[in-house]
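K.L.:
what follows is a predicted protein model with its sequence.
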Amino acid sequence: MFVFFNLTLINMRIQTEPIGSIPRPIELILAIKAHAAGQVSDQDLQLLYDRAVSDTIKKFEATGSPVISDGEQSKPSFATYPLQGMQNLSPDGVIIPFADGHTRQLPKITSGPFKYQLYSDVYLQKAKQLTSLPVKQAVIAVSAISLLYPGEGIEGYSREEFISDLVNEAVTDIRRSLDKGAHVVQIDFTEARLSLKLDPSGALLRSFIDLNNLVLGRFTRDERKRIGVHSCPGGDRDSTHSADISYSGLLPLLFQLNAGNFYLEYAGEKNKRQVLHTIKNTMKPGQVIFLGVTDVLNPRVETPEEIRDIVLEAAEIIPVDQLGTTDDCGFSPFADDDSTSREKAFEKIRARVEGTKLAETIISKKKHFFQF
């Protein structure tokens with residue numbers, strides 16, 4: 001008597017995506033500074049932007065990454081792109097301190113109504129003209145932009161009016177990228193972890209969650225499958241603003257966001273298994289958790305085998321169909337950040353892609369074996 005087995009290998013696919021920003025070429029960083037000083041024309045700067053985007057996409061394709069971005073080469077920062085050219089701004093807004101002592105400062109608005117000056121689909125359309133690969137588009141969270149409203153208020157323009165205008169603009173920003181064919185739209189919500197440092201009670205974070213859910217509630221269930229949320233402790237110039245805040249207080253609230261995907265800093269965490277168990281105990285059905293497997297603040301390039309092992313450990317705790325990989329943060333979220341080279345960033349991305357494939361193959365073989 002013969003017994004025949006189905007020897008078809010079961011493919012347990014593990015999704016992998018970048019966060020977004022890639023270090024700009026040094027010539028572009030210098031030109032941006034010179035442009036601010038009136039030494040480089042708008043036209044010459046735009047040529048350098050276009051050249052950087054084209055080069056970034058080619059290098060992204062060469063890594064084997066199944067999903068790419070434009071590297072945010074022509075954004076002034078991940079947070080302030082909607083404000084380019086806005087006149088009703090004052091520079092003395094909220095100050096964000098980092099662990100190494102440097103700070104970033106947001107502007108604040110001085111009058112209403114509030115309206116984005118630029119939407120993210122402008123970047124997306126340019127990128128899609130240069131590649132046949134799926135392109136993801138990052139947008140700034142509505143909660144981050146809410147910090148632009150001054151604490152003292154604005155005469156004739158209430159905070160309630162501002163929030164109403166802001167939510168409408170954030171919805172428009174996401175929808176335009178979805179409509180223009182973004183593979184996924186990623187909401188950058190790096191202020192989530194910082195909010196727990198500013199207010200350990202969690203009240204500020206809850207208000208941020210509620211505000212972002214006002215935006216997400218404008219989209220259908222199917223649309224939300226193409227919308228993700230990124231959270232990290234704020235990687236900038238090889239430093240962070242909130243790495244000392246535990247995930248245990250963040251994740252139960254973060255997963256209340258009505259989004260399909262979550263991109264979490266993970267490689268830089270010290271107690272990884274504790275983080276994995278927190279994710280398992282608080283994530284919701286249908287949510288895909290993309291774990292950061294490359295530490296963007298560490299100059300050492302991870303090997304594919306190291307990343308493979310990180311993924312395999314995670315797959316022991318998180319269901320494989322809800323598991324993906326990404327980078328901890330964007331490599332250079334601000335245009336003047338030259339702390340990491342472009343070459344190093346793409347080496348890390350290539351390692352992430354290859355390591356994810358190695359883990360995927362091992363997991364598929366295990367699933368195949370247990371089908372007998």
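P.N.:
That came through fine.
K.L.:
residue 273: what's it in contact with?
P.N.:
If a contact means CB atoms under 8 Å, 6 or more residues apart in numbering, then residue 273 has 313, 317 as its contacts. To be clear about C-beta, it is placed using only N, CA and C from the backbone, and glycine gets the same treatment.
K.L.:
quick one: mean pLDDT over the longest helix along the chain.
P.N.:
In the chain, with assignment by DSSP state H, the single longest helix is helix 342-369. The predicted model assigns helix 342-369 a mean pLDDT of 91.
K.L.:
quick one: low-confidence residue ranges for the stretch 251-372 of the chain.
P.N.:
Applying pLDDT under 70 to the stretch 251-372 of the chain flags residues 367-372.
K.L.:
what's the answer for the stretch 1-150 of the chain, then?
P.N.:
For the stretch 1-150 of the chain, applying pLDDT under 70 flags the ranges 1-11.
K.L.:
just the helices in it please.
P.N.:
26-36, 42-62, 121-128, 142-146 (DSSP state H, counting those that start in this stretch).
K.L.:
out of the ones you listed, the one nearest residue 276 is which?
P.N.:
When those are compared by CB to CB, helix 142-146 sits nearest residue 276, at 26.3 Å.
K.L.:
now residue 246: phi and psi?
P.N.:
According to degrees, to the nearest 10, the main-chain angles of residue 246 amount to phi -70, psi 150.
K.L.:
relative to residue 13, how far out is residue 235?
P.N.:
The spacing between residue 235 and residue 13, counted by CB to CB, to the nearest Å, is 28 Å.
K.L.:
with neighbour numbers in mind, choose between the two.
P.N.:
Neighbour totals were compared for residue 235 and residue 13, and residue 235 leads with 30 against 13 (other CB atoms under 10 Å).
K.L.:
got a list of what the more buried one touches?
P.N.:
Applying CB under 8 Å, 6+ apart to residue 235 gives the contacts 265, 296-297, 328-330, 333.
K.L.:
closest one to residue 350 out of these, please.
P.N.:
Set against residue 350, the nearest of these by CB to CB is residue 296 (14.2 Å).
K.L.:
show me where the stretch 251-372 of the chain has helices.
P.N.:
Along the stretch 251-372 of the chain, the segments classed as helices by DSSP H, counting those that start in this stretch run 272-282, 304-315, 342-369.
K.L.:
now the shortest one: buried residues?
P.N.:
I take that to be helix 272-282. Within helix 272-282, the residues scored as buried using 16 or more other CB atoms under 10 Å are 272, 275-276, 278-279, 282.
K.L.:
roughly how far is that helix from the heart of the chain?
P.N.:
A distance of 20 Å separates the centroid of the chain from that of helix 272-282, by CA atoms, centre = their mean, to the nearest Å.
K.L.:
again with the longest one
P.N.:
A distance of 20 Å separates the C-alpha centroid of helix 342-369 from that of its chain, computed with CA atoms, centre = their mean.
K.L.:
what do you get for stretch 115-131?
P.N.:
Between the mean C-alpha point of stretch 115-131 and the mean C-alpha point of its chain there is a distance of 16 Å (CA atoms, centre = their mean).
K.L.:
now it: buried residues?
P.N.:
116, 119-121, 123-124, 126-128, 130.
K.L.:
got it, and stretch 236-256?
P.N.:
In terms of neighbour count (16+ other CB under 10 Å), stretch 236-256 has its buried residues at 236-237, 239-243, 245, 247, 249-251, 253-255.
K.L.:
my guess is residue 124 contacts residue 185. True?
P.N.:
No - Residue 124 lies out of contact with residue 185 (CB atoms under 8 Å); the separation is 9.0 Å.
K.L.:
what's the overlap in contacts for the two?
P.N.:
Taking CB under 8 Å, 6+ apart as the contact definition, residue 124 and residue 185 share the neighbouring residues 137, 177.
K.L.:
burial count for residue 105?
P.N.:
By other CB under 10 Å, the residues close to residue 105 number 11.
K.L.:
apart from its chain neighbours, what residue comes closest to it?
P.N.:
residue 95 (4.9 Å; CB to CB, 6 or more residues apart in numbering).
K.L.:
what does residue 308 give?
P.N.:
Nearest residue to residue 308 in three dimensions, chain neighbours excluded: residue 358, at 3.9 Å (CB to CB, 6+ apart).
K.L.:
right, and that neighbour touches residue 309 too?
P.N.:
No - with the criterion set as CB under 8 Å, residue 358 and residue 309 do not qualify as a contacting pair; they are 9.1 Å apart.
K.L.:
intersection of neighbour lists for these two?
P.N.:
Any residue near both residue 358 and residue 309 by CB under 8 Å, 6+ apart counts here, and not one turns up.
K.L.:
who's in contact with stretch 23-35?
P.N.:
Among residues not part of stretch 23-35, those counted as contacts by CB under 8 Å, 6+ apart are 40-42, 44-45, 48-49, 51-52, 55, 71, 73, 331-332, 335-338, 340-342, 344-345.
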